[in-house]
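Undergrad: When you get a sec, could you give me coordinates for this:
(one chain, ligands or ions: 1)
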Amino acid sequence: MESSVLEIIKARIHEKHQGDEKQLDVIFSPEKRILVEAPAGYGKTHTMVSRIAYLIASNEIPSPKRLLALTFSVNAAYKIKKDVSKNIPVLLDGIGKEIKIKDKTYVSNYHGFCRKILKKYGQKLHPSLLNLDTLQSIDDSDTSNLMQFFKSLSLEDAELLSEFNISVKDIKGKKLSEKIERYNEIVISELLPKGAIPFNAIITLTIKLFKDFPNILSFYQNYYTTLLIDEFQDTNILSYWLLHYLIIDKTNVIFLGDSLQRIYGFIGAIPNLLKHAKDKFKLKVIALDKNYRFESNSNMLQLDKIIRQNALTPFANPDSLKSEVEFAIYDEQSTEALEVVKKTLVTLQNDQESNLAILVKQRGPNVDLIIETFKHNKIPFFYGLFTDEDANYINFNRKCLYEFIELIKDRKRITKKLGKAHTKKIREIFSDDNTALIQAMFELLDVFWLRLFIDYSFLTDEDRINLVKDTFEHNGLKQFMEFLDSKIVISTVHAAKGLEWDYVILPDMEQDLFPNWFGLCGKCKNSLDCNILVNKDNENKFLEELSVFYVAVTRARKKVSFSASELQLTKYNPKKKNISCFMKLPGMELSPEM
Ligand SMILES: Nc1ncnc2c1ncn2[C@@H]1O[C@H](COP(=O)(O)OP(=O)(O)OP(=O)(O)O)[C@@H](O)[C@H]1O
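TA: Modelled structure (predicted):
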């Protein structure tokens with residue numbers, strides 16, 4: 001490429017990134033191995049998009065097709081793809097070059113990528129993998145379920161499947177490596193012939209393919225010269241193994257992530273992964289240093305720093321950080337619920353274009369009362385109280401996947417008509433279920449189909465089919481909350497990851513709720529006064545809960561407010577509880593206003 005053209009492209013990127021030196025270092029870096037570490041809102045994804053666009057626009061890689069970009073969540077992957085396709089024409093505008101990204105650069109999540117490989121070569125393991133799109137994705141965690149659906153499966157094999165599933169979540173590397181071969185054998189001999197494939201097998205079979213057919217592995221290792229991975233902290237052990245196969249000496253690698261946003265430990269996100277990967281792949285660390293989300297909001301910026309500082313030095317404030325924090329304490333839950341409703345209305349009244357989320361750690365009688373109070377006052381809101389572990393939520397996504405596969409069996413294209421048929425079928429299946437969760441799922445499903453034809457019209461039919469499958473298979477409907485019209489969302493923090501609102505309220509900041517009993521309080525020896533002493537025994541638990549707190553707080557663009565009650569509702573009687581230890585992080589200057 002002519003140097004003058006390259007300079008124009010660089011200047012355009014420079015301008016887009018407002019001269020942010022660290023981001024530009026990453027984008028233009030000649031290094032082959034980079035780890036970008038940065039907190040929420042520091043521009044990791046923004047930087048990744050420009051790096052991809054730069055590599056393609058400047059011909060730094062042999063072809064856009066040879067760049068592989070992966071992320072954890074489906075929605076994030078397709079957003080990156082969309083941003084890259086928007087960015088390249090801007091970079092190349094008026095300089096006589098045209099690159100259509102539509103079906104070139106491959107951006108996906110780990111499963112989507114493996115599915116692509118299995119569709120091409122999986123028949124070498126079993127003929128049914130040729131029609132991977134029509135195989136039903138099954139849950140292999142429950143032994144009795146497996147025995148019921150697969151009559152010829154022995155109890156021993158069913159147990160192995162379910163133990164394998166649990167070991168992925170518990171990150172038991174040794175157990176997994178001992179069992180992966182047998183796991184694959186059972187999937188191939190028992191499940192695939194009956195048209196079924198477990199979620200984890202999409203990755204384990206790809207690994208098997210790489211092991212059994214070195215020429216296929218070598219093709220992919222050489223084909224993808226550049227590998228970029230966003231949301232790296234959420235990678236699980238199977239995906240991490242997959243990366244070990246793909247990365248060879250000459251591969252250019254960039255991982256981007258933030259250890260403090262690892263909140264999927266309970267489904268297998270590996271702890272200390274960034275450090276491990278840094279040593280393993282000899283990565284050069286570049287830390288981004290400017291927070292764009294809270295650029296003009298010094299109070300939120302300070303609060304962000306305070307939480308992060310406490311991850312390094314719990315309950316110490318060496319840099320004397322200060323942030324004013326609204327924290328109201330009420331005598332009991334019904335008063336708190338009413339005040340949360342009032343606060344919501346006043347906030348939206350004062351800032352009419354804004355939206356607001358009420359985020360909680362988990363479902364329970366306390367948030368139920370808040371919901372009842374909203375309903376009682378006839379204030380509409382979206383019900384987002386589900387997590388990735390929630391059986392009903394998972395079941396809804398699964399049914400969506402099943403029905404989609406049935407509908408797409410004889411077709412190669414997704415049309416609006418197909419979307420309507422799918423929604424109709426799902427509504428029929430759940431017609432007797434009036435629970436708030438299922439009603440909310442219907443809303444999300446409508447939004448999902450609507451956005452598919454608006455936001456993803458640039459995708460090929462194959463990519464769109466993959467997007468639908470990836471979304472349902474990954475329990476990803478929750479990500480479509482961001483497109484709802486609703487100005488008020490009541491959600492779990494886990495369902496809200498990756499999304500943002502102008503205002504966030506965190507109610508129930510009490511002992512046993514946030515952090516919760518299972519997460520930390522049950523283990524804390526100082527629960528009498530909730531002045532936790534962080535030590536070797538509870539450090540990991542503390543960090544896991546603090547991560548969820550951090551993700552919750554950083555969902556707010558403008559402001560976050562907190563509340564608590566002295567009397568907490570429990571299954572039995574209301575109980576007197578302390579306020580959360582998280583409201584005692586040094587540097588937070590609490591003001592009783594709400
Ligand atoms: N150099 C920059 N100039 C202007 N805006 C920027 C810059 N870098 C990032 N932003 C903006 O800041 C916001 C946050 O960026 P981005 O989503 O990439 O951050 P992130 O580090 O990936 O956050 P998270 O960890 O929460 O995913 C986006 O709206 C992005 O457009």
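Undergrad: Find the closest residue to the ligand in this structure.
TA: residue 43 (2.8 Å; Cβ to the nearest ligand atom). Bear in mind the C-beta positions are built from the backbone N, C-alpha and C, glycine included.
Undergrad: What pLDDT does the model give the residue nearest to the spatial centre of the chain?
TA: With distances taken as Cα atoms, centre = their mean, the chain has residue 73 as the residue nearest its mean C-alpha position (4.6 Å). According to the prediction, residue 73 has pLDDT 79.
Undergrad: surely it meets residue 478?
TA: No: the criterion here is Cβ atoms under 8 Å, and residue 73 misses it with residue 478 at 9.6 Å.
Undergrad: ok now do the residue of the chain closest to the ligand, which residues does it touch?
TA: Contact partners of residue 43, counting by Cβ atoms under 8 Å, 6 or more residues apart in numbering, are 17, 20, 23, 288, 290, 292.
Undergrad: Among those residues, which are located in helices?
TA: Among those, DSSP state H puts residue 23 in helices.
Undergrad: Which among the contacts of residue 43 count as buried?
TA: 17, 20, 23, 288 (16 or more other Cβ atoms under 10 Å).
Undergrad: quick one: the second one and residue 133, what's the gap?
TA: Same thing as residue 20. Here residue 20 is placed at a distance of 42 Å from residue 133 (Cβ to Cβ, to the nearest Å).
Undergrad: And for the third one?
TA: Taken as Cβ to Cβ, the spacing of residue 23 relative to residue 133 amounts to 38 Å.
Undergrad: residue contacts, residue 491?
TA: Contacts of residue 491 (Cβ under 8 Å, 6+ apart): 357, 358, 359, 360, 382, 384, 385, 481.
Undergrad: Report the rounded mean pLDDT for the strand ranked longest in the chain.
TA: If you go by DSSP state E, the chain has its longest strand at strand 556-568. The pLDDT scores in strand 556-568 average 93.
Undergrad: quick one: contacts for residue 578?
TA: 510, 511, 527, 529, 530.
Undergrad: at 10 Å what do you get?
TA: By Cβ atoms under 10 Å, 6 or more residues apart in numbering, residue 578 lies in contact with 510-512, 521, 527-531, 564, 566, 568, 584.
Undergrad: just residue 310 next, same as before
TA: 260, 316-317, 321, 534, 542-543, 546, 549-550, 582, 585-588.
Undergrad: cutoff 7 Å now
TA: 546, 585 (Cβ atoms under 7 Å, 6 or more residues apart in numbering).
Undergrad: likewise residue 13?
TA: 27, 50, 54, 91.
Undergrad: Secondary structure element for it, which one?
TA: Assignment of secondary structure by DSSP states H and E places residue 13 within helix 3-16.
Undergrad: any low-confidence regions in this structure?
TA: Scanning the chain for pLDDT under 70 picks out the ranges 1-3, 96-105, 594.
Undergrad: Residues of it that sit close to the ligand?
TA: Proximity of the chain to the ligand, by Cβ under 6 Å from any ligand atom, involves residues 17-18, 20, 23, 38, 40-46, 258, 261, 292-293.
Undergrad: Can you name the two of the residues you listed that sit furthest apart?
TA: 18 and 261 (23.6 Å; Cβ to Cβ).
Undergrad: So which of the two has more stuff around it?
TA: Between residue 18 and residue 261, counting by other Cβ atoms under 10 Å, residue 261 is the more crowded of the two (21 against 12).
Undergrad: Now do the end-to-end distance for stretch 248-257.
TA: 21 Å (Cα to Cα, to the nearest Å).
Undergrad: do the same with stretch 342-361
TA: End to end - Cα to Cα - stretch 342-361 spans 21 Å.
Undergrad: Can you give me the buried ones in that stretch?
TA: 343, 344, 347, 348, 354, 355, 356, 357, 358, 359, 360, 361.
Undergrad: top of the contacts of residue 578 by neighbour count?
TA: In the contacts of residue 578, the most neighbours by other Cβ under 10 Å go to residue 510, 28 neighbours.
Undergrad: thought it was touching residue 583?
TA: No: taking contacts as Cβ atoms under 7 Å, residue 510 lies outside contact range of residue 583: 9.1 Å.
Undergrad: on that earlier part again, tell me the most packed of the contacts of residue 13, by neighbour count.
TA: Counting by other Cβ under 10 Å, top hit in those: residue 50 with 26 neighbours.
Undergrad: what's near enough to touch residue 554?
TA: 40, 41, 304.
Undergrad: What about the nearest residue to residue 187 once chain neighbours are set aside, how many residues nearby?
TA: What sits nearest to residue 187 in space, not counting adjacent residues and going by Cβ to Cβ, 6 or more residues apart in numbering, is residue 201, at 4.6 Å. For residue 201, the tally of surrounding residues (other Cβ under 10 Å) stands at 28.
Undergrad: ok, now residue 572?
TA: Residue 572, neighbours per other Cβ under 10 Å, totals 6.
Undergrad: quick one, what contacts it?
TA: So residue 572 contacts nothing (Cβ under 7 Å, 6+ apart).
Undergrad: so it is in which element?
TA: Under DSSP H and E, no helix or strand contains residue 572.
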